[in-house]
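Visitor: Sequence and predicted structure below; questions after.
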Protein chains: 4
Amino acid sequence: MSTIASRAWRLSGPGGSLAFEPVAVPEPRPGTVRLRMEAVPLLSYLGAYVAGGLPYWYPPGPFTPGTNGIGIVEAIGADVHHLTPGRRVAVSPHLVADELTDEPAQILVGLTGISPDSGPMLADWRHGTLAERVLMPVSVLAPLDGLDHLPSERLAALGKFVVPLGGLLRGRLAPGEVLVVNGASGYFGSAAVLLGLALGAERVVAAGRSPGPLEDLARVAGPRVMPVALTGDVEADTRALREAAGGRGAHLAFDQVGQAADANATLAALRALRRGGRLVLMGSMTAPLPLSYGEVMLNNWEVIGNFMYGRDAYGKAVALLRAGLLGLEAVRITGFALEDLPAAMRHAAAMRGLDCTVVRIAG
Amino acid sequence: MSTIASRAWRLSGPGGSLAFEPVAVPEPRPGTVRLRMEAVPLLSYLGAYVAGGLPYWYPPGPFTPGTNGIGIVEAIGADVHHLTPGRRVAVSPHLVADELTDEPAQILVGLTGISPDSGPMLADWRHGTLAERVLMPVSVLAPLDGLDHLPSERLAALGKFVVPLGGLLRGRLAPGEVLVVNGASGYFGSAAVLLGLALGAERVVAAGRSPGPLEDLARVAGPRVMPVALTGDVEADTRALREAAGGRGAHLAFDQVGQAADANATLAALRALRRGGRLVLMGSMTAPLPLSYGEVMLNNWEVIGNFMYGRDAYGKAVALLRAGLLGLEAVRITGFALEDLPAAMRHAAAMRGLDCTVVRIAG
Amino acid sequence: MSTIASRAWRLSGPGGSLAFEPVAVPEPRPGTVRLRMEAVPLLSYLGAYVAGGLPYWYPPGPFTPGTNGIGIVEAIGADVHHLTPGRRVAVSPHLVADELTDEPAQILVGLTGISPDSGPMLADWRHGTLAERVLMPVSVLAPLDGLDHLPSERLAALGKFVVPLGGLLRGRLAPGEVLVVNGASGYFGSAAVLLGLALGAERVVAAGRSPGPLEDLARVAGPRVMPVALTGDVEADTRALREAAGGRGAHLAFDQVGQAADANATLAALRALRRGGRLVLMGSMTAPLPLSYGEVMLNNWEVIGNFMYGRDAYGKAVALLRAGLLGLEAVRITGFALEDLPAAMRHAAAMRGLDCTVVRIAG
Amino acid sequence: MSTIASRAWRLSGPGGSLAFEPVAVPEPRPGTVRLRMEAVPLLSYLGAYVAGGLPYWYPPGPFTPGTNGIGIVEAIGADVHHLTPGRRVAVSPHLVADELTDEPAQILVGLTGISPDSGPMLADWRHGTLAERVLMPVSVLAPLDGLDHLPSERLAALGKFVVPLGGLLRGRLAPGEVLVVNGASGYFGSAAVLLGLALGAERVVAAGRSPGPLEDLARVAGPRVMPVALTGDVEADTRALREAAGGRGAHLAFDQVGQAADANATLAALRALRRGGRLVLMGSMTAPLPLSYGEVMLNNWEVIGNFMYGRDAYGKAVALLRAGLLGLEAVRITGFALEDLPAAMRHAAAMRGLDCTVVRIAG
């Protein structure tokens, strides 16, 4: 099996050395594809991850970090039927074993194991997207047809949208419904607000702690977005959210809260729901969420945990882009060369709202 | 039980005399409401219906014809909990018995019986909306909150939208999907095109026999609408529809075909579907629809008959209006005074596309 | 409006006097039916309710308590289309306004208001089933066709089944799935176990605090039921539940826990779920339920509050009975005469598992 | 890449030579598994297929025919995470590309291409199950845990059940519903009847042309099965089906009709549905199905084409077997040695109802 030359960032392990170095990329094996990467978005916590400070299940080192990204198919293995060389695709890091079992092994390529049985898959697929060339299983590659007018650097922002899109689809957001987004000034939360509009929400209540970013977001997003700055007082916040929702309670609340000392913001979002409403949890809160059992029951509420997104999410995002229902122009892209990853990581750590730090990769 | 005076159109029976005359409207009985009507849209075939030429199950005469309309709650009966005097509502003609049975009796108030057991209900609720004051069961009245800026004459056009909305919801149209509307130049079909956009379709293929009206519609509706003039040749039409759908086949086809001598247009719409696509039937074709059994099976297609709409349709339409996702300004309203019903019926018979003939009712 | 004579229990108010006395029952108004009651099941807490010790929203007194029951249609009002005199029906206490609004007013007839706007409905429908004759809205009456071989006294036990059935349907229990029932030795929980079998669960893990009743239940219910006596230690209980579930985690957990000082049993039921599993809450726990946010998210779990049941539940229960998939013979009925309500209430307070206290009403 | 020795049936092409011969089986490539086969069920038309008389898209020859079967995992390739050597699995012939595209390439391994783009996949996966050892992609292998008490020869009959199970799941058959099976005396239709019971149908109307086999089936299946011998007269047959359905119309009709000169039986099954009922098409009729457009619409009927089954079908079938809700003992297995394939094919051609011809494969 021949290999081709490439350059890639390699991390020796959590908190270990990170170097940009020549590496060999093997020829595609069956069911896989080799990509020439063009652009990779950075997670805000990539620096902390590299420094070893996050409780993740790292791939065995040395490995290439990096989730998501846009690349061009360069070579295909056997058992590949639809992707062809030259086609532009998005890389989704969520790899799930295609076996007929209830709980298939899964990982986030280039980032972490997830389930107790992630180990062998993590060893097989340890290398993420921060490289000139990568090998990826076909099941994580989403075609980007009909978007030729958008440069890869901008399309890299799709990684910011597809995660909350997964939650909004799981939460069954329907046109004409009212949506509350908690954590709306954050990286994914701000994207959720734009997605809510694209999916036809009657209005989107953008809730968070910082009034400034929420108002900025509302200015960009238009009159169907109602910013609400939360105070931490559950009762007052619930009242404010319900009022902003039009006085009738929301159909769906989407929680993308960050590290929070208490669950008050999430509880206010829950209580802003009308009877039969749904709350989707996709944030990173470590405090427990103390549900009022009787209140949840009497109101027929659903609390839905959601990890990442389903197979249809990338295709849906691409269709919304093609239709012009979703635009990426509101995203503030800051580009760095691949070689400048350390600077890019520092920039990413300071992203707010619709910011997006992207690494560009020259052919 | 006291009664109040009103004037109403009364039809003695199919093909019988139609007169505008003083009538008594009883006080609301339990579960009912009295409305002061403000505007009533006319069906294109109302003249033919009055003349007795349609195979409908007419209410026992004399009765007041007229389906749909906008009115103000004037008095409420017992067992009414949410409607209050002064509130503006839309009348939906589809009355279904609120009993725990598999196939409850149903009628279209002011128009026709539907199921074999419609008789007694038709006798109870024989009077439709073409009157100054009407008595209606609460279950057919949809509140119009948040639409105070729209006059009743314009809101009367909701009756044109809510029928195809029922079909699009039944067909599970989702944002980002591709929709084909067959019969797109018709009264309901043209509304379906606008609704497809409001519900977030990536594109809407507007198909019909007459190129002119389709192009007019596309001009009003914008670049996501693709007009396709059908030729009657199933293969050629299928090709044209698929191409307009973006080359990938549509997710949903909505058939609102009128009286047609053959099923070719509907078959082309079906064949424009991608694997797993859905075809919703809401037209008035009397010719049989000859499905290719094997083709339907191999493609996992669904053919879904749909009568009218569910309980959520009016609320959804109202929310789309409030959000500005759906606009009624594209509808060409022509108003007549209630006294001028005969002239209005003649006008309605000539409606095309986004036309809407409305009868105005003075307080 | 004429009235007919009847005898009924009347409670002057919470903790007030309860007397069996002659009353007048009005002729049916539109949308309602008069029943001659034959059998009424008692809730375990009816005595405490009558004594005024429960935090319920009582109807204005004097009123007739009593939820559920089996009766014969004796007279029908206008606007009733399917029920006819002589037909046997079950009374469901859950009355919901048939109006086109997001959150219609609702009550439990003969028991309590539910939503902030329950007041007027509670005043209109204050009288429950503990009477010889009752007036009821048609929407709460479920026909019992095809069950002529079952006496009303036994059919009264349907009230015990339809509540958990509502939860199992809401939780989307499908044939071949594994179900955990928490609170399985209780009044509704034991019925949930039998329903799980009737709905085709591969196995039903019957969890509760008391080993004896669980083993009795398993003996009655057969080999697909696995009793698990909980210890209060969440980790150990989770392990025991998962093992009983077959080692793969359950698809659905149904929580019908009673008054509990902590949420440990419910949390163990949640953790017994496989990825993507659902937990339905229908118990009466007043302690908060502290969800681990990250665990719920990573596992794609759903926590579904469910109040009562949908319109289809009675029909489904009746069909399962007709099919012989569900049997009422395992229920231990103890009958009392209507006059002996106080003794019956004392008996009901001591019900366990499959017990059912029923009041018989002579014609 | 090393290979191992095996013996397999090889067909040179449609109507060509069929020989049992030594062949080489390659070591598993990534994403694949090598099985030692134990038992393979035969399709009734396998003889005709081999003789070249069927309009199928044959794999390029020489190839090994044979769909479905039971085998033991012998070796695994890279990128396989759950299957381990020694585990017993069922082979499902339906292979679908695991790529993020709307209409992924698909074939039936060992039988036919399906979609216009099946060609390359058919070339890659040309060899079916009629061999001692086979190589298969992991995505078509279903674990058979918890069924150790059932010999592979009997489990081979699963292939007969999983196809109609796919249709019943697609048709959303729910416990307590009434099911009509058209073509109930056939190979798949008779299995559909047993599955309907296993899935909790209140009753299953078993419809077909031949009274004898239907009555045999009803005898085996018990009192919830109602045999109806069709006459070809749509009106009379509709009446008979509705009466057997309990007089209320069926919720679901499942059509597995064989080659039929007209659509009368399918139309009668459709008309046996109640309002809102579903008809699933999985038969092999080549005549068109002339739907009455207005009747389908007024009744809110759905006509659902269904090809094969979803990813969950094998797991569901296995769970029903484990629970004892579905039994294979009613299936009349006739076994042949692998070497005796020609005799086995002749036997298979004469299968009726619950017959199942199985080829046994010695280690």
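Guide: Looks like it arrived, so ask away. Numbers count the residues shown, from 1 in each chain, chains lettered A, B, ... in the order given.

Visitor: in what helix or strand does the closest residue to residue A:130 other than its chain neighbours lie?
Guide: Using Cβ to Cβ, 6 or more residues apart in numbering or on different chains and skipping residues adjacent in sequence, the residue nearest residue A:130 is residue A:66, 3.3 Å away. Bear in mind the C-beta positions are built from the backbone N, C-alpha and C, glycine included. Secondary structure assignment for residue A:66, by DSSP states H and E: no helix or strand.

Visitor: What segments of the stretch 251-363 of chain A are strands?
Guide: A:273-281, A:289-291, A:302-305, A:332-337, A:355-360 (DSSP state E, counting those that start in this stretch).

Visitor: tell me the secondary structure for residue A:145?
Guide: When classified by DSSP: H, G, I helix; E, B strand; the rest coil, residue A:145 comes out as coil.

Visitor: can you pull the contacts of it?
Guide: Shown in contact with residue A:145 (Cβ atoms under 8 Å, 6 or more residues apart in numbering or on different chains): residue A:318.

Visitor: change it to 10 Å
Guide: A:87-89, A:315, A:318-319, A:322, B:246-248, D:101 (Cβ atoms under 10 Å, 6 or more residues apart in numbering or on different chains).

Visitor: just residue A:109 next, same as before
Guide: By Cβ under 10 Å, 6+ apart, the contact list for residue A:109 reads A:59, A:63-64, A:66-68, A:91-95, A:121-122, A:124-129, A:134, A:136-137, A:140.

Visitor: any idea how chain A splits into domains?
Guide: Domain assignment for chain A by automatic domain parsing gives A:5-157+A:331-360, A:161-305.

Visitor: what's the most buried one of the ones you listed?
Guide: Mean neighbour count (mean count of other Cβ atoms under 10 Å in any protein chain shown) peaks for domain A:161-305 among the domains of chain A, with a mean of 22.

Visitor: Around chain B, which positions in the stretch 251-363 of chain A sit nearby?
Guide: A:251, A:312, A:315-326 (Cβ under 10 Å from any Cβ of the partner chain).

Visitor: Could you identify the most distant pair in those residues?
Guide: A:251 and A:322 (26.5 Å; Cβ to Cβ).

Visitor: Make CSV from the strands of the stretch 251-363 of chain A and add mean pLDDT to it.
Guide: Shown next, in CSV, are the strands of the stretch 251-363 of chain A (pLDDT from 0 to 100):
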stretch, mean pLDDT
strand A:273-281, 98
strand A:289-291, 97
strand A:302-305, 98
strand A:332-337, 98
strand A:355-360, 98
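
Visitor: now those in TSV, with distance to residue A:154?
Guide: What follows is these, written out as TSV (distance: least, Cβ to Cβ, whole Å):
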stretch	distance to residue A:154
strand A:273-281	27
strand A:289-291	36
strand A:302-305	31
strand A:332-337	6
strand A:355-360	8
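
Visitor: of the contacts of residue A:145, closest to residue A:47?
Guide: Checking the contacts of residue A:145 against residue A:47 with Cβ to Cβ, the nearest one is residue A:89 at 26.9 Å.

Visitor: Give me the pLDDT for that closest one.
Guide: On pLDDT, residue A:89 comes in at 98.

Visitor: part of a strand, is it?
Guide: Yes: membership of residue A:89 in a strand is supported by three-state DSSP.

Visitor: Now do the contacts for the nearest residue in space to it that is not next to it in sequence.
Guide: Once flanking residues are discounted, residue A:89 sits nearest to residue A:141: 4.3 Å by Cβ to Cβ, 6+ apart. Residue A:141 sits next to A:32-33, A:35, A:71, A:73, A:80, A:82-83, A:87, A:89-92, A:314, D:99-101 when contact means Cβ under 10 Å, 6+ apart.

Visitor: where's residue A:141 relative to residue A:92, distance?
Guide: Distance, residue A:141 to residue A:92, by Cβ to Cβ, to the nearest Å: 7 Å.

Visitor: who touches both of those two?
Guide: Common contacts of residue A:141 and residue A:92, defined by Cβ under 10 Å, 6+ apart, comprise A:314, D:100.

Visitor: Any idea how far stretch A:14-23 is from the middle of the chain?
Guide: Centroid displacement of stretch A:14-23 relative to its chain, using Cα atoms, centre = their mean, to the nearest Å, is 24 Å.

Visitor: Can you check the distance spanned by stretch A:174-183, start to finish?
Guide: Using Cα to Cα, to the nearest Å, the end-to-end distance of stretch A:174-183 comes to 21 Å.

Visitor: what's near enough to touch residue A:14?
Guide: A:49-54, A:56-58, A:61.

Visitor: What sits closest to residue A:128 if chain neighbours are left out?
Guide: Closest residue to residue A:128 apart from its sequence neighbours, by Cβ to Cβ, 6+ apart: residue A:110 at 1.7 Å.

Visitor: Might one say that the one you found is in contact with residue A:92?
Guide: No: the criterion here is Cβ atoms under 10 Å, and residue A:110 misses it with residue A:92 at 11.1 Å.

Visitor: Overlap in contacts, the two.
Guide: Shared contacts of residue A:110 and residue A:92, defined by Cβ under 10 Å, 6+ apart, are found at A:67-69, A:136.

Visitor: Reformat those as TSV; add pLDDT, distance to chain D and secondary structure.
Guide: Below are the shared contacts of residue A:110 and residue A:92 laid out as TSV (pLDDT from 0 to 100; distance: Cβ to the nearest Cβ, whole Å; DSSP: H, G, I helix; E, B strand; the rest coil):
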residue	pLDDT	distance to chain D	secondary structure
A:67	96	16	coil
A:68	96	14	coil
A:69	98	15	coil
A:136	98	12	strand
